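*Asks:* no sequence on this one, just coordinates:
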């Protein structure tokens, strides 16, 4: 139970793999794979180990598949006859995952002779103060330098407290798309720093990429500041995992949970606030794979693409957008704008103060089960395309004489 600071100072070592071939090698197809992509060689009836290894090395080095261009194959010993082949990562510290196979009776195998490591390796003790890798219940601090934490990040550590503080300008985790020069591929290495739950506080105005995964464990994440996005469309902090006791609090920063299709996150409690700008400090995106419960939003921008029990947009206002086929049991709006761009159902809507509810962003039909409760004459409701309840809008005025209501031509309005 110690405090370890990320230094990113380990010496870089190239990845090294050794391929062996023996036995009856003729008339077989040999395959080498990275990231489900392959190079192959089919041996003829008179091919020898030397010929096959030479051909495989040549096929590897001639490949234009990006993953294969990140390493170099060499048949050994130099000058032949060849008895093995090495595959060496071109960039020190950059790990590879390689496999080989054949359908015949030859023995065709690969061994990971030397594992890549370097200043971006989470498990290398030389990257941490004290000279040892993180252990259960440690406090991990990122507060200095620009060394990225990218590799061997799939841990099962428990009881971790993680602090990302001012002074750190590196990246934590890998992007989903690996851009290598002018080409790219779907990343096959672990992209999220994985912890078995824990507590994470992010207060780093220069942070531009932080990917976190918690499994199905209790997680508390507090975001006080982040930097700007590296990619216009991708939040700075990406989170997956969590469970029914997890909580996300965002005062200032850019956060996405279950952001990518197919990802899941379970954060039934989400709260947002603001530090300087009530309108823009907090930006939160809840993807379709999110499991949500109660959201209390006070300012900022939020997009919700998953069902929720109660969403309250408080007096700080801001903008809330409901998308896809989202359903919400109770929606409370005290200020700001809520765009109901969903084909789902909202059970009860309560509008206070200067709240604005717009239903024009999505032309699909949608349902508001109960009459919309209006508690202020400054409330605005817009449904010019008459998408709600097959064109019949119901308002409960609750002692309010009027409000700003736009329902298109030939309106069908029920006021109670």
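*Replies:* Ah, there it is. From a predicted model like this one, the values you see are computed outputs, not experimental measurements. Numbers count the residues shown, from 1 in each chain.
*Asks:* shaky segments in the chain?
*Replies:* Applying pLDDT under 70 to the chain picks out residues 181-182, 409-416.
*Asks:* Mind listing residues that contact the host helix or strand of residue 111?
*Replies:* Element membership for residue 111, per DSSP states H and E: strand 107-114. Outside strand 107-114, the residues within contact range by Cβ atoms under 8 Å, 6 or more residues apart in numbering are 13-23, 30, 32, 86, 98-102. Placement of C-beta: from N, CA and C, glycine included.
*Asks:* Give me the buried subset of these.
*Replies:* Neighbour-count burial (16 or more other Cβ atoms under 10 Å) applied to those gives 13-17, 19, 21, 30, 32, 86, 98, 100, 102.
*Asks:* Dump these to JSON lines, plus secondary structure and distance to residue 273.
*Replies:* Putting the buried ones among the contacts of strand 107-114 into JSON lines (DSSP: H, G, I helix; E, B strand; the rest coil; distance: Cβ to Cβ, whole Å) gives the following:
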{"residue": "13", "secondary structure": "strand", "distance to residue 273": "45"}
{"residue": "14", "secondary structure": "coil", "distance to residue 273": "47"}
{"residue": "15", "secondary structure": "coil", "distance to residue 273": "45"}
{"residue": "16", "secondary structure": "strand", "distance to residue 273": "50"}
{"residue": "17", "secondary structure": "strand", "distance to residue 273": "50"}
{"residue": "19", "secondary structure": "strand", "distance to residue 273": "56"}
{"residue": "21", "secondary structure": "strand", "distance to residue 273": "62"}
{"residue": "30", "secondary structure": "strand", "distance to residue 273": "59"}
{"residue": "32", "secondary structure": "strand", "distance to residue 273": "53"}
{"residue": "86", "secondary structure": "strand", "distance to residue 273": "55"}
{"residue": "98", "secondary structure": "coil", "distance to residue 273": "48"}
{"residue": "100", "secondary structure": "strand", "distance to residue 273": "54"}
{"residue": "102", "secondary structure": "strand", "distance to residue 273": "60"}
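*Asks:* Which member of the residues you listed is positioned nearest residue 270?
*Replies:* residue 15 (40.2 Å; Cβ to Cβ).
*Asks:* shouldn't the closest one be in contact with residue 89?
*Replies:* Yes. Assessed by Cβ atoms under 8 Å, residue 15 is found in contact with residue 89 at 3.5 Å.
*Asks:* shared neighbours of the two, anything?
*Replies:* 71, 95, 96, 116.
*Asks:* Now intersect the residues you listed with the helices, please.
*Replies:* Among these, DSSP state H puts none in helices.
*Asks:* Reformat the residues you listed as TSV; add neighbour count.
*Replies:* Listed next are the shared contacts of residue 15 and residue 89 as TSV, based on neighbours: other Cβ atoms under 10 Å:
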residue	neighbour count
71	22
95	20
96	24
116	22
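*Asks:* Looking at these, which are in strands?
*Replies:* Residues of the shared contacts of residue 15 and residue 89 located in strands (DSSP state E): residue 71.
*Asks:* Grab the most central residue of the chain for me.
*Replies:* residue 238 (3.9 Å; Cα atoms, centre = their mean).
*Asks:* do you know how far it is from residue 204?
*Replies:* 15 Å (Cβ to Cβ, to the nearest Å).
*Asks:* again with residue 213
*Replies:* 19 Å.
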